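>>> model this:
(one chain, ligands or ions: 1)
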Amino acid sequence: MFRSLFLAAAGSARLERMIESAPVSKGIVRRFVAGRSADEALRVSRELADDGLTVSLDHLGGDTGTPEQAAATRDEYLAVLGRLREAGLTPAVEVSLKLSALGQETDDKLAYEYAHSICKAAAEAGTTVTLDAEDHTTTDATLETLLELRREFPSTGAVLQAHLRRTEGDCRELATAGSRVRLCKGAYSEPESVAFQSALDVDKSYVRCLNILMSGEGYPMVATHDPRLIAIAEDRARWFDRSTGEYEFQLLYGVRPEEQARLAAGGHTVRVYLPYGDQWYGYLMRRLAERPANMAVLARAVKSKK
Ligand code: FDA
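Numbers count the residues shown, from 1 in each chain. Presented below is the predicted three-dimensional model:
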């Protein structure tokens, strides 16, 4: 109920204006999002890189129903990749990409073409692209696009969601040499027919998937803030004789920064998922929805405007 409250708030333009203008809540936005512009994304990327972290930059653009919006998303990625290269921030900074933002739903051929040009620009800049996972109705199409892109750009990363029942099988398919796979719990609300519903079942699935990825030949990217799962991942790396350069941890910008620093200090590669762009509001609400304590923080912040 708490989660759905936040997710409902994600659609409120009035609340969005309040949050952006109230002094304290501006700070909350800044905690989770680099800013609106590529300039801000580069500045925060530089700070994170200086702290010994790596980054996956995600552009939060408009909802893409139109070819114009899809083309604008592609152009944004091409521009930011050029700037990352000029700034000497590659390969420490890569990009994450949602195929829906390239119009996957309306024209998957065009989305592939745009994703291809982004992967090409990333390769020229000396870095990589990871394809975000969206709701389960897109999984097949996204994995097909991934396999197609990997023919030319083998380092293109996949994201698999442990809450989906199919994911153990997908892990087996993708645990091959050179295959970069980000394993997360899954952020979308999914029906019981396709997804585990209880937190315990999702965690158990996460561990089974982790076992497959860690014992396989690919490059596992362990995307979670869950202390228990992080500890299990460290264990599995030892069991399967992986050195710290043979897998990485990934956490969201602003979430458990002390853990990000601890893991990096322990010699791990830690990648911070760093969003930026105009459409920050829906992203922020989803992050706040993930943690009950965030509700009080936000309520105080909005109240401070008065
Ligand atoms: P869980 O939600 O159980 O959290 C464990 C602990 O972490 C909490 O108890 C709390 O301490 C802390 N925590 C977690 N979220 C917090 C927050 N927002 N604020 C403060 N503390 C918090 N999903 C998806 O469907 N497709 C995708 O492509 C991606 N990509 C992605 C990339 C990266 C790098 C990460 C880290 C995550 C994703 N996700 C994602 C999101 C993922 O599926 C999931 O929703 C969140 O990571 C939360 O799950 P945890 O594994 O952190 O566990």
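>>> so which strand or helix has residue 72?
Assigned by DSSP states H and E, residue 72 falls within helix 67-86.
>>> distance between that helix and the chain's centre?
From the chain centre to the centre of helix 67-86 is a distance of 18 Å (Cα atoms, centre = their mean, to the nearest Å).
>>> likewise stretch 276-291?
With Cα atoms, centre = their mean, you get 12 Å for stretch 276-291.
>>> which positions within it qualify as buried?
Under the neighbour-count criterion of 16 or more other Cβ atoms under 10 Å, stretch 276-291 has 276-277, 279-281, 283-289 buried. C-beta coordinates here come from the backbone N, C-alpha and C atoms, glycine included.
>>> same question, stretch 139-148
Buried-residue list, stretch 139-148, by 16+ other Cβ under 10 Å: 139, 141-143, 145-146.
>>> by mean pLDDT, which helix or strand of this protein comes out lowest?
Sorting the helices and strands of the chain by mean pLDDT, DSSP states H and E puts helix 2-9 at the bottom, at a mean of 63.
>>> can you show me the helices along the stretch 151-300 of the chain?
Ranges of helices in the stretch 151-300 of the chain, per DSSP state H, counting those that start in this stretch, are 167-174, 199-215, 227-239, 257-265, 280-289, 293-303.
>>> adding distance to residue 160 and mean pLDDT, write those helices out as a markdown table.
Putting the helices of the stretch 151-300 of the chain into a markdown table (distance: least, Cβ to Cβ, whole Å; pLDDT from 0 to 100) gives the following:
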| stretch | distance to residue 160 | mean pLDDT |
| --- | --- | --- |
| helix 167-174 | 5 | 98 |
| helix 199-215 | 7 | 98 |
| helix 227-239 | 14 | 98 |
| helix 257-265 | 21 | 98 |
| helix 280-289 | 19 | 86 |
| helix 293-303 | 26 | 69 |
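>>> wait, which of these is closest to the ligand?
helix 280-289 (4.0 Å; Cβ to the nearest ligand atom).
>>> for residue 265, which non-adjacent residue is closest in space?
residue 52 (7.9 Å; Cβ to Cβ, 6 or more residues apart in numbering).
>>> circling back to that earlier point, out of the helices of the stretch 151-300 of the chain, which one sits most buried?
Each of those was given a mean neighbour count from mean count of other Cβ atoms under 10 Å, and the largest, a mean of 20, is that of helix 280-289.
>>> which regions of the stretch 51-200 of the chain lie under the pLDDT threshold?
63-64 (pLDDT under 70).
>>> before we move on, back to that, hmm, residue 264 and the residue nearest to residue 265 touching each other?
Yes. Look at residue 52 against residue 264 with Cβ atoms under 8 Å: they come within range, at 4.8 Å.
>>> now do the shared contacts for the two.
Common neighbours of residue 52 and residue 264 (criterion: Cβ atoms under 8 Å, 6 or more residues apart in numbering): residue 270.
>>> just the CA atoms of the helix holding residue 72, as PDB, please.
Output of helix 67-86 as PDB, limited to C-alpha atoms (Å, rounded to 0.1, in the frame of the first residue of the first chain):
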ATOM      1  CA  PRO A  67      10.000   8.500 -33.700                       C
ATOM      2  CA  GLU A  68      11.100  12.100 -32.900                       C
ATOM      3  CA  GLN A  69      11.500  11.300 -29.200                       C
ATOM      4  CA  ALA A  70      13.300   8.100 -30.000                       C
ATOM      5  CA  ALA A  71      15.700  10.000 -32.300                       C
ATOM      6  CA  ALA A  72      16.200  12.600 -29.600                       C
ATOM      7  CA  THR A  73      17.200   9.900 -27.100                       C
ATOM      8  CA  ARG A  74      19.600   8.400 -29.600                       C
ATOM      9  CA  ASP A  75      21.100  11.900 -30.200                       C
ATOM     10  CA  GLU A  76      21.500  12.500 -26.400                       C
ATOM     11  CA  TYR A  77      23.400   9.200 -26.000                       C
ATOM     12  CA  LEU A  78      25.600   9.900 -29.000                       C
ATOM     13  CA  ALA A  79      26.400  13.400 -27.700                       C
ATOM     14  CA  VAL A  80      27.100  12.300 -24.100                       C
ATOM     15  CA  LEU A  81      29.400   9.400 -25.300                       C
ATOM     16  CA  GLY A  82      31.400  11.900 -27.300                       C
ATOM     17  CA  ARG A  83      31.700  14.100 -24.300                       C
ATOM     18  CA  LEU A  84      32.700  11.300 -22.000                       C
ATOM     19  CA  ARG A  85      35.500  10.400 -24.500                       C
ATOM     20  CA  GLU A  86      36.700  14.000 -24.700                       C
END
